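J.: Here is a sequence with its predicted model. Questions after.
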Amino acid sequence: MNAPLLSVKNLTVDFHTSEGVTRAVNNISFDIPAGKTIGIVGESGSGKSVTSLAVMGLLQKPAAKIPSGEILFKGQDILKYSDSQMRDIRGNDISMIFQEPMTSLNPVFKVGDQIAETLRVHKNLSKKEAWEKAVHLMDLVGIPNPTGRAHTYPHEMSGGQKQRVMIAMAISCEPKLLIADEPTTALDVTIQKQVLDLLFRLQQEYHMSMMFITHDLGVIGDIADDVVVMYRSNVVEKNNAQTIFTGAKHPYTKGLLACRPKLGANPKRLLTVSDFMNESGEEIKIDTAKVVVYDKEVVPEKSSDILLEVKNLVTQFPIKGGFFNRTVDQFKAVNDVSFTLKKGQTLGLVGESGCGKTTLGRTILRLIEPAGGQIIYNGKDITGVYGEELRLLRRKMQIIFQDPYSSLNPRMTIAEILTEPLVIHKVGSSKQERLDMAKQLAEKVGLKVAQLNRYPHEFSGGQRQRISIARALMLRPEFVVCDESVSALDVSIQAQVLNLLLDLQDEFGLTYVFISHDLSVVNFIADEVGVMNAGRIIEMDKASRIYKNPKEEYTRMLLSAIPKGETKSAT
Amino acid sequence: MLQYIIRRLLYMIPVLLGVSLVIFILFNMIGGDPTAVLLGKNANARAMADLREQLGLNKSLFLQYLDVVKSAFTFDFGRSWATKQEITYMITQGAYPSLCLTIPAFVISTVLSLIISLVVAFYRGRGIDLFVRFFCIAGMSISALTYILAFQWIFAFELGWFEISGFEYGFPDFIPYIALPAIIWIILSIGPDVRFFRTVILDEIYQDYVRTARAKGLSEVTILLKHVLRNAMIPIITYVVIQIPFLILGALLLESFFGIPGLGGITLNALNSSDFPVIKAMAILSSVVYILFSLLSDILYTFADPRVKLK
Amino acid sequence: MKENSLWKDSFKRLAQDKTAMISLVIVIMYTLVALLSAMGLIASDWAREVGASNLPPSAEHWFGTDIFGRSVLAKVLRGTQVAMSVGVATAVISIPIGVFLGAIAGYFGGWIDDAVTWLYTTFSSIPNIMLLISITMILGKGLFAVYIALGATSWVTLSRLIRGEVMKHKEREYVQAAGAIGGGHMRKLFRHILPNVTHIVIINTSLQFQIAIKSEVILSYLGIGVQGEPSWGTMIDDAKLEISRGVWWQLAGATLAMFLIVLAFNLLGDALRDSLDPKLKGK
């Protein structure tokens, strides 16, 4: 075998800040052979993005230091290159696409010009030639009507299309190595699938090497040849993809593989990294009791009492326009939706962004006013309930939000956040009593009591989501809407939170409406699934049935987009 | 687009009515009866009544308010109490010297500030950046009055490089008179301008699209002058355009110190002689100009930023 | 376990910033001088003749004497009281108005927002200097008119900033969460949103304070500010006639006094922005 295209040898990266030195990457080594795809997997903060920026020579200069190591590209150590030598390589031999397609393009230039710019810098093309090539590239990455679309500005494109433009830009000079840093994480499942297919196709066509960075092992199963697993700044395992997927050795890798909900199986709980590995990184024996698989179809229904019935619900937002900016039309975000939900059950709502699932969840809770239809909760129509009565209703119905970073008031301690619902509803007679109640629940969701007088910014995303859950449960509600509650979390954390939600459901007899764009997650947690598209529920059935026999074409498309979590050679 | 401009023009009406209302409340309601001021303490009742009639002060408050509104549209402000001239005539006379001073000073200071802030943004965090930043803040902390007094004394009086005071009409002739005040204007503007421009440019430098531009292999200079500047220009244009009305208002202090017979000088004279109608006229006029230019700045904004789509 | 609020974090960061700390010391010193002067403990005898007319600075009279043989240093100290009182009065008038109007406009939207927006557009359409001149002219010369005039102009910026920030926070999930647990408008606005926009008030006040001081100097110089008491502005006005005779110390004294406090507030404002802005937190 020839020398690898890129070879990272004993690379260490430190960040120097006023608070001291942090080691972001610790003595890692791996190779990327020509024409192969390497997946670099790890949770946020594991050092995988820093590694890719180091290869690009894009680390923030004064703060980031590379005390040791080499990055050999075609046998040359590019860490020793001058700025201008690196500029010749960037975008030309090595190019990169980023996680946030929304902000990665310059908002004030036409996308055609932005693609052409790379060509003009590296290939000395005339303005006209570069533009024509840009249009051709846009065609190649599957943007319809490229001649016309080249004249549009980034904000006029969808997220998926922007990512295609980023890809067109990255491959414009036919690079030897393409670095993709979480290129699909910000996208819907269906778009993610298309972008992955596109990257795979281009990699084959151009015989590129690819370095694909992700927190989700499942995503790269289809495209990676080799996998490098990073954990806390170190490479803990590297091997070919098949070996990783079928015979991972390191407990962290095993945990990553196990924590991803799969469509075929129906475990009662998800295994998480902490089932394989203790705090100090040593392997532990798996508690076999946790590996129970059951078939949801044969599980007896927990109850037959109907808790919630939604009839012909409509929620609309005014469309403003015309000379005086008056309402000219109504946009029906939720359009004639009906369903029933039994006590103790979980209804999963899936659909792409903009399908109305979030609006539906908030309308049911009366956080948004419905325009028509009925919401019958415990036998009572609550669409016309206001004031004190609505406030009392809030004790019974709660919500857990998506973004763990914006859902907690940054200026309140955890204790204040947790006791606030009690204060509002005058539960508990004294401050101490309320605090005791908060402590009790905090322990249940896996927080330490000693942490209660801390502030949200001192917690990780997963911990914050636990706080959100505890807040929602402080008033002992019967019904909880989980609005994309695990979508912002890394897969390993996601599994822990899903397990927690299930445990709490058992303990408190909760009824959930679980909203997500991720079908595998919904399949794991929900008893029944409703597929939403353009404000309507187009298909609804038992979870297990909908995955086995989807009736609607749209549902089939959503299903086929789910990453298999297996290697390409294995399927 | 056209619809937006028309709607924006229509919004000028309530704002103009509001401005008129504020000025009406100040001058006609709180301001009280000016006849005593005008005729002196020993005026007889008859003369005061006549004057009230003449000034339209016998009208109902509503009609008086309408007069204020009308003047905002017709620019007919009546006569000065002190000079008895038509105020409109005084303003047209004063505009020329004012603009001779403010336009060149404004253009030079804006261009200079932009260049300085680009250089400083390029070397952000390094010595030159800290140095310029400190000088901007220190420069802003000295009173405009001090600059004027000290510069006039040193450069015009002691060294005799510039005219101490006065003005001559006609292109090359006015230069010796406006040079020193223009330099002071530039020194006074560079501090706040550079601070603002630098902040705006640095806000852009840390955006994701700059990282993309770097990943393309562009040089830092290209990134700054093409990608960053084009985005930073959006707030900068707004900031610059909205300053233009103040050019028309003239440089109050500079003009009075350097004896330039501009609008600023007129305003200060009116202030000293309690010439209410002139102050009132200048307040209305400057507000109208301000409203027009804020409209212009909004419209330019829509051209500069493709993301803003206005129906 | 020690709690670690964003405020505490901010102040820790601020305490590490040497420029900020020096600025803070300057502000505190000026405040002390102003307070002592207001209580009549220092500079109360500023009008007393202490030496010959127009003496240059010396060991005895650090800042020299003015035309009447009065100590320029005493006048500068007395002027500090005037300057600081204007800054405080402006803040006292503009913060309640600016925060209240901005908060209700941003939070409730609709016609309230339209009305508030109209009000501050109107006020910001009259160039500040014209509004200042008009108000002081009509209310009559004196410090009271200066307070009112500066208060009337400085709430506008604050109100606009608060409105924008409240609108942003209103949509945040933590505010919606407060609604979901049954919190009403008052709780959402006062318990949740306002504590998260307080930093804007602090930063803005620090910057408005120095604008107020600078404006007072110009208004007093124009003769429509403080009457019968020394102010840095009237001292500069005196200097206008003296400087051609080489008497520069009154100008220098007033300029230096103003320079230090305005510089301190400028630097402090910047430092506060860096340390209080939660945008920098967690990123």
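T.: Good, I have the coordinates.

J.: Next, find the distance separating B:L159 from chain C.
T.: Per C-beta to the nearest C-beta, to the nearest Å, B:L159 is found 14 Å from chain C. (C-beta placed from N, C-alpha, C; glycine too.)

J.: What sits closest to the single nearest residue of the stretch 251-400 of chain A relative to chain C if chain neighbours are left out?
T.: The minimum distance from the stretch 251-400 of chain A to chain C, using C-beta to the nearest C-beta, falls at A:R394 (3.8 Å). Once flanking residues are discounted, A:R394 sits nearest to C:G182: 3.8 Å by C-beta to C-beta, 6 or more residues apart in numbering or on different chains.

J.: cool, A:H136 as well?
T.: Once flanking residues are discounted, A:H136 sits nearest to A:P146: 7.5 Å by C-beta to C-beta, 6+ apart.

J.: Quick check, that neighbour in contact with A:V135.
T.: Yes - taking C-beta atoms under 8 Å as the definition, A:P146 is a contact partner of A:V135 at 4.8 Å.

J.: residues near B:V120, how many?
T.: Using other C-beta atoms under 10 Å in any protein chain shown, B:V120 has 23 other residues around it.

J.: Can you tell me the element it falls in?
T.: In this structure, B:V120 is located in helix B:87-122 according to DSSP states H and E.

J.: before we move on, the earlier item: what about the residue nearest to A:H136, neighbour count?
T.: By other C-beta under 10 Å, the residues close to A:P146 number 19.

J.: Could you tell me the per-residue confidence at A:D329?
T.: A:D329 is assigned 83 on the pLDDT scale.

J.: Show me the helices in the stretch 451-571 of chain A, by range?
T.: For the stretch 451-571 of chain A, applying DSSP state H, counting those that start in this stretch gives helices covering A:461-473, A:491-508, A:519-525, A:543-548, A:553-560.

J.: Report the mean confidence score over the longest one.
T.: Along helix A:491-508, the predicted confidence averages to a pLDDT of 90.

J.: quick check, the biggest helix by length in chain C touching chain A?
T.: The longest helix of chain C (DSSP state H) is helix C:72-108. No - against chain A, helix C:72-108 shows no contacts by C-beta under 8 Å from any C-beta of the partner chain, the least distance being 15.4 Å.

J.: what's that helix packed up against?
T.: Other helices and strands packing on helix C:72-108, by 3 or more C-beta pairs under 8 Å, 6 or more residues apart in numbering or on different chains; DSSP states H and E, are helix C:18-38, helix C:110-125, helix C:143-170, helix C:194-221, helix C:232-242, helix C:249-276.

J.: Reformat those helices into a markdown table and put mean neighbour count and mean pLDDT next to each item.
T.: Shown next, in a markdown table, are these (neighbours: other C-beta atoms under 10 Å in any protein chain shown; pLDDT from 0 to 100):
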| stretch | mean neighbour count | mean pLDDT |
| --- | --- | --- |
| helix C:18-38 | 17 | 93 |
| helix C:110-125 | 16 | 93 |
| helix C:143-170 | 22 | 92 |
| helix C:194-221 | 22 | 90 |
| helix C:232-242 | 23 | 89 |
| helix C:249-276 | 22 | 90 |
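
J.: could these go into TSV alongside distance to chain A?
T.: Shown next, in TSV, are these (distance: least, C-beta to the nearest C-beta, whole Å):
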stretch	distance to chain A
helix C:18-38	13
helix C:110-125	11
helix C:143-170	9
helix C:194-221	4
helix C:232-242	38
helix C:249-276	12
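
J.: so who does the most centrally placed residue in chain C touch?
T.: With distances taken as C-alpha atoms, centre = their mean, the residue of chain C nearest its centroid is C:F209 (1.1 Å). Contacts here follow C-beta atoms under 8 Å, 6 or more residues apart in numbering or on different chains; on that basis C:F209 touches C:87, C:90-91, C:265.

J.: let's see 7 Å
T.: By C-beta atoms under 7 Å, 6 or more residues apart in numbering or on different chains, the residues touching C:F209 are C:87, C:91, C:265.

J.: Please apply the same query to C:R163.
T.: C:102, C:105-106, C:116.

J.: Pull the most distant pair out of those residues.
T.: Based on C-beta to C-beta, the longest span within the contacts of C:R163 runs between C:G106 and C:V116 and measures 8.7 Å.

J.: quick revisit: do the helix holding B:V120 and chain A meet at all?
T.: No - residues of helix B:87-122 contacting chain A under C-beta under 7 Å from any C-beta of the partner chain: none, with a closest distance of 13.5 Å.

J.: And that helix, what's buried?
T.: With burial defined by 16 or more other C-beta atoms under 10 Å in any protein chain shown, the residues of helix B:87-122 counted as buried are B:87-88, B:90-91, B:94, B:97-102, B:104-106, B:108-110, B:113-114, B:116-118, B:120-122.

J.: on contacts alone, who are the packing partners of it?
T.: The contact analysis (3 or more C-beta pairs under 7 Å, 6 or more residues apart in numbering or on different chains; DSSP states H and E) places helix B:87-122 against helix B:127-140, helix B:171-205, helix B:244-249, helix B:263-272, helix B:276-304.

J.: so what's B:E86 up against?
T.: B:E86 touches B:R79, counting by C-beta under 7 Å, 6+ apart.

J.: try 10 Å
T.: By C-beta atoms under 10 Å, 6 or more residues apart in numbering or on different chains, the contact list for B:E86 reads B:76-80, B:92.

J.: Domain parsing of chain B, as residue ranges.
T.: If you go by automatic domain parsing, the domain ranges for chain B are B:2-74, B:96-304.

J.: worst average pLDDT in the ones you listed?
T.: domain B:2-74 (a mean of 81).

J.: how far does stretch A:452-470 stretch from start to finish?
T.: End-to-end distance for stretch A:452-470: 12 Å, by C-alpha to C-alpha, to the nearest Å.

J.: mind listing what's buried in it?
T.: A:452-457, A:459, A:462-470.

J.: quick one: secondary structure of C:S44?
T.: With DSSP: H, G, I helix; E, B strand; the rest coil as the basis, C:S44 sits in coil.

J.: Point out where chain A drops to low pLDDT.
T.: A:1-2, A:264-265, A:288-303, A:322-324, A:564-571 (pLDDT under 70).

J.: switch the cut-off to 80
T.: In the predicted model of chain A, residues A:1-2, A:18-19, A:61-62, A:186, A:262-269, A:279-282, A:285-304, A:320-328, A:563-571 satisfy pLDDT under 80.

J.: mind giving me the domain ranges of it?
T.: According to automatic domain parsing, the ranges for chain A are A:99-174, A:259-396+A:478-562, A:407-474.

J.: The shortest one near chain C anywhere?
T.: Yes - when contact is scored as C-beta under 10 Å from any C-beta of the partner chain, part of domain A:407-474 falls within range of chain C: A:407-417, A:420-425, A:448-458, A:468, A:471-472, A:474.

J.: Quick check, the residue in chain C closest to chain B?
T.: In chain C, the residue that lies nearest chain B is C:T122 (3.3 Å; C-beta to the nearest C-beta).

J.: List the residues that contact that residue.
T.: B:14-22, B:287, B:291, C:156.

J.: how close does it sit to A:R466?
T.: Distance of C:T122 to A:R466, computed by C-beta to C-beta, to the nearest Å: 49 Å.

J.: just A:D181 next, same as before
T.: Applying C-beta to C-beta to A:D181 and A:R466 gives a distance of 28 Å.

J.: Then C:V262?
T.: When C:V262 is compared with A:R466 (using C-beta to C-beta), they lie 49 Å apart.

J.: do C:Y30 as well
T.: 49 Å.

J.: next one: B:T92
T.: Using C-beta to C-beta, we find B:T92 at a distance of 72 Å from A:R466.

J.: what do you get for A:L177?
T.: For A:L177 relative to A:R466 (C-beta to C-beta), the value is 40 Å.

J.: What of C:M258?
T.: Counting by C-beta to C-beta - C:M258 and A:R466 are separated by 54 Å.

J.: residues touching B:K59, list them.
T.: B:K59 neighbours (C-beta under 10 Å, 6+ apart): B:28, B:52-53, B:65-67.

J.: This completes my enquiry, with thanks.
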